[in-house]
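Enquirer: what would the 3D arrangement of this be:
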Amino acid sequence: MGGGTGSGEDFNYPGVKKTQEFFLKAMLQGWISGAEETKVPHMPGYRTIPFRDGDLFLLDCYCVNPNSSKSAGTTTIWYRDIPVWIMQYGGFYRKSEISFLKHALRCAYESNVFIGGRGPIDYREDQLLYENSPNFDEFEGFSGIETIYRLPELEELGHHKYWGMYLV
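Expert: Alright, predicted model coming up:
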C-alpha cells in the first residue's frame, strides 16, 4: 500500500471546493492566456506553466512532438509541497485548431464549471465544434475525451483523452 499523510487533516488542507476554485483560476492564467512557458531541464520538448496562490501551487507540464501533432501533459496541484490533485491528458491537435481549443477551454473556466478539467460539453464557432464527453466529471475523480470536429460533415480534427483524481 502506498504512503501518504492519512486523512489530510495532518496539514490543515483547505478541501476540495477551494482546490477546484484554485484550479479554474490557475487555468485562466495558464496556457489559454498565452502565459510564459519555461523549458524543463533534462526533459527535452517539455514546457511548464506554473501558478501559485498562497499555499496552493499548480504546474501544467506538457510536450508536443514536433514531427507529429501529438501532445500529452500533466497538471498537478500541491498544497504546501504535498501533491493533492492530478490531471493527465494526451492525444493530437493540429496547430490550426489550437486557437479554437483555447476558446472552448476558456468558456468552461470563465463559467467556473468543472467538466473533467477541460471545456464545456459542446462549444461551436463557425464550422468548428468542440465536444467534451466525460465518463466521470467530479473533481475527485474524472475521465473522458474531448474532440474537435469540422461541420457539417463531422470530420474529426483532433482529440485529447483525459483523466485525473483528488489525492487527499
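Enquirer: excluding sequence neighbours, find me the nearest residue to Thr38.
Expert: In space, and not counting its chain neighbours, Thr38 is closest to Thr48: 5.4 Å by CB to CB, 6 or more residues apart in numbering. (Each C-beta comes from the backbone N, C-alpha and C, glycine too.)
Enquirer: residues near Glu153, how many?
Expert: Glu153: 7 surrounding residues under other CB atoms under 10 Å.
Enquirer: so who does the residue nearest to Thr38 touch?
Expert: By CB atoms under 8 Å, 6 or more residues apart in numbering, the residues touching Thr48 are 37-40, 59-62.
Enquirer: out of those residues, who's the most crowded?
Expert: That'd be Asp60 among the contacts of Thr48, by other CB under 10 Å, with 21 neighbours.
Enquirer: contact partners of the lowest-mean-pLDDT helix or strand in the chain?
Expert: When the helices and strands of the chain are scored by mean pLDDT, DSSP states H and E, strand 38-39 comes last with a mean of 86. For strand 38-39, contacts defined as CB under 8 Å, 6+ apart pick out 46-50.
Enquirer: which of those residues tops the neighbour count?
Expert: Ranking the contacts of strand 38-39 using other CB under 10 Å puts Ile49 first, with 23 neighbours.
Enquirer: tell me the pLDDT at that residue?
Expert: At Ile49, the pLDDT value in this model is 91.
Enquirer: low-scoring stretches of the protein, by residue?
Expert: Counting by pLDDT under 70, the low-confidence segments of the chain come to 1-11, 34-35.
Enquirer: residue ranges for the helices of it, please.
Expert: Ranges of helices in the chain, per DSSP state H, are 16-28, 98-110.
Enquirer: mind putting these into a markdown table with mean neighbour count?
Expert: What follows is the helices of the chain, written out as a markdown table (neighbours: other CB atoms under 10 Å):
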| stretch | mean neighbour count |
| --- | --- |
| helix 16-28 | 18 |
| helix 98-110 | 18 |
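Enquirer: what's the closest of those helices to Leu128?
Expert: Nearest to Leu128, of all the helices of the chain, is helix 98-110, at 5.0 Å by CB to CB.
Enquirer: so what touches the closest one?
Expert: Taking CB under 8 Å, 6+ apart as the rule, helix 98-110 contacts 24, 27-28, 31-32, 93, 114-115, 118-120, 123, 125, 128, 130, 132, 146, 148, 158.
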